[in-house]
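**Student:** Turn this into a structure:
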Amino acid sequence: MGAEPVREPVRRTIRARDGHDLATSTFEPDGEPRGVAVIVPAFATPASFYAAFGAWLAGHGIRAVTFDYRGFASSSGGRHLRDVDADLLAWAGDAADVVGWAAERADGAPVAYVGHSLGSQILGLGKHEVVDRALFVAGGNPHVEISSSRLAWAAPFAFRVALPAVIRMTGYYPGKRVRFMGNVPAGVMRQWMRWAMHPEYLLGEVPHAAGAYAKVEMPIVSLHMTDDELVTQQTTEAMERWYSGADLTHREVTPAEMGAERVGHLGFFRPRFAAGWDRVVLPAITGGG
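**Tutor:** All right, here's what the predicted structure looks like:
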């Protein structure tokens with residue numbers, strides 16, 4: 001089955017626990033939902049990127065909720081990124097608040113957490129107790145990849161000198177301009193760079209994190225794209241070890257399985273891969289195998 005036509009979502013602004021406004025879009029199925037899925041975005045990736053995926057989930061009877069982190073895309077409130085005071089822990093709090101909001105309105109339907117890249121990394125920091133199962137797509141521990149790649153020699157200078165200097169000059173992180181990741185608030189990128197320089201990534205800076213991640217006990221399916229240009233199998237497995245208490249299944253996904261020559265780090269959520277979603281996504285978020 002192909003991707004559903006992108007039906008118009010229900011757009012709401014919800015209030016995070018500290019008062020920040022978060023823009024959400026909810027894709028409703030035609031009847032009562034058999035489940036609820038919250039799609040937690042990748043770094044510097046707007047919620048609109050997941051619209052076709054959300055519509056497809058709704059077409060399969062699952063209420064899908066997308067959102068943007070504070071200060072970013074539809075949650076910017078019209079502000080420029082240089083005027084946004086946020087870091088990754090604040091973004092993780094936003095994800096937790098949206099998950100909690102969606103779970104409160106699930107009316108007994110099971111709640112699935114769909115984390116893409118960064119979204120996979122931050123489940124342990126949020127309201128995982130209200131989630132029944134999770135699907136991770138292209139998640140990993142960035143330090144493992146950076147330290148074992150051609151970036152290893154340049155990372156200390158780039159993350160401690162060059163990129164902070166760029167942030168000071170611009171007031172935000174212009175990732176598109178420097179061709180390394182996307183545009184995000186200064187605090188988000190500063191914290192990411194600190195995390196990326198530590199072998200345990202965020203666990204190295206957040207004292208309670210290891211214990212919190214160990215308490216995640218739900219079934220998780222973690223997908224690694226074999227042609228991912230940013231995340232290797234080793235990187236994914238390093239992140240998966242944080243979720244030591246979960247019933248976690250690691251799954252390698254090839255472009256051939258998705259009916260394509262290339263998928264990569266972002267491609268999984270593009271509409272042309274809808275046929276692969278039937279085989280990969282539905283079993284993971286409904287418990288069907």
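**Student:** From Val188, how far off is Ala212?
**Tutor:** 20 Å (CB to CB, to the nearest Å). C-betas here are computed from N, CA, C, even on glycine.
**Student:** which one of the two has more residues nearby?
**Tutor:** Val188 (27 against 16; other CB atoms under 10 Å).
**Student:** Where does the prediction get shaky in this structure?
**Tutor:** 1-7, 150-151, 288-289 (pLDDT under 70).
**Student:** quick one: terminal-to-terminal distance for stretch 56-69?
**Tutor:** 22 Å (CA to CA, to the nearest Å).
**Student:** Surely Ala44 forms part of a strand?
**Tutor:** No - assigned with DSSP: H, G, I helix; E, B strand; the rest coil, Ala44 falls outside any strand and is coil.
**Student:** Is it in contact with Tyr172, as I believe?
**Tutor:** No - contact between Ala44 and Tyr172 fails when scored by CB atoms under 8 Å: they sit 11.2 Å apart.
**Student:** shared neighbours, those two?
**Tutor:** Counting by CB atoms under 8 Å, 6 or more residues apart in numbering, the common neighbours of Ala44 and Tyr172 are 183-184.
**Student:** where exactly do the helices run in the stretch 101-250 of the chain?
**Tutor:** Per DSSP state H, counting those that start in this stretch, the stretch 101-250 of the chain carries helices over the ranges 118-121, 142-147, 155-157, 163-170, 175-178, 186-196, 209-214, 233-240.
**Student:** Isn't Ala64 up against Ala47?
**Tutor:** No - using CB under 8 Å, Ala64 is not in contact with Ala47; the gap is 10.7 Å.
**Student:** Could you name every residue contacting both of the two?
**Tutor:** By CB under 8 Å, 6+ apart, Ala64 and Ala47 have these common neighbours: Ile39.
**Student:** So between those two, which is more surrounded?
**Tutor:** Ala64 (29 against 24).
**Student:** strands paired with the host helix or strand of that one, and their directions?
**Tutor:** Per DSSP states H and E, Ala64 falls inside strand 62-67. If you go by DSSP bridges, strand 62-67 pairs up with strand 21-27 (antiparallel), strand 35-40 (parallel).
**Student:** hang on, the earlier thing: which one of the helices of the stretch 101-250 of the chain is the most hemmed in?
**Tutor:** Compared across these, helix 118-121 shows the largest average neighbour count, a mean of 26 (mean count of other CB atoms under 10 Å).
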